[in-house]
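Peer 1: what follows is a predicted protein model with its sequence.
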Amino acid sequence: MTSTSPKLLLIICCLLLPGCSSEPTTEVLFQQGQAAIKSEDWSQVRAIKNQLAEREAAEIETKFLEANLYMNVLNYQEVMERVGVIASDKRIREDCMLLAVHCFTAVQDLPSAMRTLEEMSVEFPDNIDAHRLLIAHYYDFGALQQAMRHCERVSSLAPTDPRPDRLMGLISKDFEKHELAIQHYLEALKRAPGDPSFDQADEIRTELAEVYIRMRNYQAAQTQLDQLSSTATPPLQATANAYLADCALALGQFEDAERLVNLSIQQDPTLPHGQTILGILSMQIGKTEQARTALEKAAELDPGNDRVFFQLSNVLRQLGESELADQAFTRHEEIKNLKLEYIELNVRAAQQTDNAEIRVRIGAIAEKLGDLEAAVSWYSGALGIDSENEEALAALRRLSN
């Protein structure tokens, strides 16, 4: 009798054993499909979906792959029909929720997108994409405290990413939380060299210098500004020179201050801070008319800066222009009160993420302060909550003209 070869015997035994098959299991196929989704190999996803569709008890896996295929062609209705059926499966719940978020966002149902993202952040606290999307939405809505909370989480989950600390520094600076701003800016600068795609180090150093100047730590401000790269944009270079002039002026180095502020204005005549420093410097060296011209120009360029109007009122009073001085001082007081209301409403907006009216009011204040970019953002945030808000629609039409 002819003996059976060991290799053939192994094959025969394998075929006789339960579960031994050359066909991949449903779970293996599904894992291959998920990998194909990540690599955006849609022809492979479709091929695996067709294989799974022919199997019994593979409905969930099939629908999940179908949902992703429909998402790729922006068919949001078909995506949501499938996600609604399969989202309870623990294996894919996280992915399904993120698919739903993208669908809600695409059809501008931002409240539903936000609710789903908040659920994700609780149920899957390590999902960094959910936190990043929440940061973007909350920042657009003006809910800066919530944006900060999710920035902190991203900073923890991605310890080499400078972006969350860069944003936390900016938010803290805007709310005059100087120590916190410094902490986050320095952390962002520490992380920046490890991320070749991050190109905002010069912006951070300039903003950080502004914070140090507010705290009268002029040496620290100069240290940051001296480290700006040679490729810094012209507006940043102009801003840096204006801040360096500010430092020199505070330290009594009037010649350096004059040289630096003139260089700043030469680089960017529309920079308000350069004109402001020129005005203050001119006051101190007795050039009152030059001070008036510079501060009036600064007020025109930055109509929401209460400090400029305060300095202008002092110059006008020195020139005997009492009525104009009173008007400038009144404007100074108005801006201060608007800024206080702006901060108070920001706190309320952070607590009431579905309140469109608060955002319209903040947008109106931003307009009065001359910050049209912020105004557009706030009005757009209001429309994200209430797409038919007439005040927000009218304001955006007005600002677009």
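Peer 2: The structure has been received and is ready for your questions.
Peer 1: so which residues of the stretch 151-300 of the chain form helices?
Peer 2: 163-174, 178-191, 201-214, 218-226, 234-250, 254-267, 272-284, 288-301 (DSSP state H, counting those that start in this stretch).
Peer 1: name the residues of the shortest one that are buried.
Peer 2: If I follow you right, that is helix 218-226. Under the neighbour-count criterion of 16 or more other Cβ atoms under 10 Å, helix 218-226 has 218, 220-222, 224-225 buried. Bear in mind the C-beta positions are built from the backbone N, C-alpha and C, glycine included.
Peer 1: related to what we said a few turns ago, need the winner for burial among the helices of the stretch 151-300 of the chain.
Peer 2: helix 272-284 (a mean of 24; mean count of other Cβ atoms under 10 Å).
Peer 1: which other helices and strands contact it?
Peer 2: Applying 3 or more Cβ pairs under 8 Å, 6 or more residues apart in numbering; DSSP states H and E, one finds that helix 272-284 contacts helix 234-250, helix 254-267, helix 288-301, helix 306-318.
Peer 1: let's have the ones you listed in JSON lines, adding mean pLDDT.
Peer 2: Shown next, in JSON lines, are those (pLDDT from 0 to 100):
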{"stretch": "helix 234-250", "mean pLDDT": "95"}
{"stretch": "helix 254-267", "mean pLDDT": "94"}
{"stretch": "helix 288-301", "mean pLDDT": "94"}
{"stretch": "helix 306-318", "mean pLDDT": "94"}
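Peer 1: what's the closest of those helices to residue 182?
Peer 2: Of all the helices and strands packed on helix 272-284, it is helix 234-250 that lies closest to residue 182, at 15.1 Å by Cβ to Cβ.
Peer 1: tell me the buried residues in the helix or strand hosting residue 325?
Peer 2: Element membership of residue 325, judged by DSSP states H and E, is helix 322-351. Buried residues in helix 322-351, counted by 16+ other Cβ under 10 Å: 324-325, 328-329, 331-332, 335, 338, 342, 345-346, 349-350.
Peer 1: likewise stretch 53-63?
Peer 2: Buried residues in stretch 53-63, defined by neighbour count with 16+ other Cβ under 10 Å: 58, 60-63.
Peer 1: and for stretch 355-366?
Peer 2: Using 16+ other Cβ under 10 Å as the test for burial, stretch 355-366 gives 355-356, 358-366.
Peer 1: any stretches of the protein with poor pLDDT?
Peer 2: 1-22 (pLDDT under 70).
Peer 1: show me the residue at the heart of it, geometrically.
Peer 2: Nearest to the mean C-alpha position of the chain, by Cα atoms, centre = their mean, lies residue 136 at 5.3 Å.
Peer 1: ok, back up a step: of the helices and strands packed on helix 272-284, which approaches residue 371 most closely?
Peer 2: When these are compared for distance to residue 371 using Cβ to Cβ, the nearest one is helix 288-301, at 12.4 Å.
Peer 1: residues in contact with that closest one?
Peer 2: 270-273, 275-276, 278-280, 282-283, 305, 308-309, 311-312, 315-316, 318-319, 328 (Cβ atoms under 8 Å, 6 or more residues apart in numbering).
Peer 1: number of nearby residues for residue 217?
Peer 2: Using other Cβ atoms under 10 Å, residue 217 is surrounded by 16 other residues.
Peer 1: please apply the same query to residue 157.
Peer 2: Neighbourhood size, residue 157 [other Cβ under 10 Å]: 15.
Peer 1: how about it, what does it touch?
Peer 2: For residue 157, the contact set (Cβ under 8 Å, 6+ apart) comprises 126, 128, 131.
Peer 1: go with 10 Å
Peer 2: Going by Cβ atoms under 10 Å, 6 or more residues apart in numbering, residue 157 touches 125-128, 131-132, 164.
Peer 1: could you do residue 398 as well?
Peer 2: With contact set as Cβ under 10 Å, 6+ apart, residue 398 has these partners: 367, 375, 379.
Peer 1: in helices, which of the residues you listed fall?
Peer 2: 367, 375, 379 (DSSP state H).
Peer 1: do you know how far the second one is from residue 95?
Peer 2: I take that to be residue 375. Residue 375 is 38 Å from residue 95, where distance means Cβ to Cβ, to the nearest Å.
Peer 1: who's more crowded, those two?
Peer 2: A direct count of neighbours by other Cβ under 10 Å for residue 375 and residue 95 places residue 375 higher, at 22 against 19.
Peer 1: secondary structure element holding the residue lying closest to residue 393 once chain neighbours are set aside?
Peer 2: Excluding its sequence neighbours, the residue lying closest to residue 393 (Cβ to Cβ, 6 or more residues apart in numbering) is residue 383, at 7.0 Å. In this structure, residue 383 sits in helix 372-385 according to DSSP H and E.
Peer 1: using PDB, write out every CA atom in that helix.
Peer 2: Taking Å, rounded to 0.1, in the frame of the first residue of the first chain, the C-alpha atoms of helix 372-385 are listed here in PDB:
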ATOM      1  CA  LEU A 372     -15.000  92.800  12.400                       C
ATOM      2  CA  GLU A 373     -13.400  89.400  12.100                       C
ATOM      3  CA  ALA A 374     -14.700  88.500  15.600                       C
ATOM      4  CA  ALA A 375     -18.100  89.900  14.800                       C
ATOM      5  CA  VAL A 376     -18.400  87.700  11.700                       C
ATOM      6  CA  SER A 377     -17.400  84.700  13.800                       C
ATOM      7  CA  TRP A 378     -20.000  85.400  16.500                       C
ATOM      8  CA  TYR A 379     -22.800  86.100  14.000                       C
ATOM      9  CA  SER A 380     -21.900  82.800  12.200                       C
ATOM     10  CA  GLY A 381     -21.900  81.000  15.600                       C
ATOM     11  CA  ALA A 382     -25.400  82.300  16.200                       C
ATOM     12  CA  LEU A 383     -26.500  81.000  12.800                       C
ATOM     13  CA  GLY A 384     -25.000  77.600  13.600                       C
ATOM     14  CA  ILE A 385     -27.600  77.500  16.500                       C
END
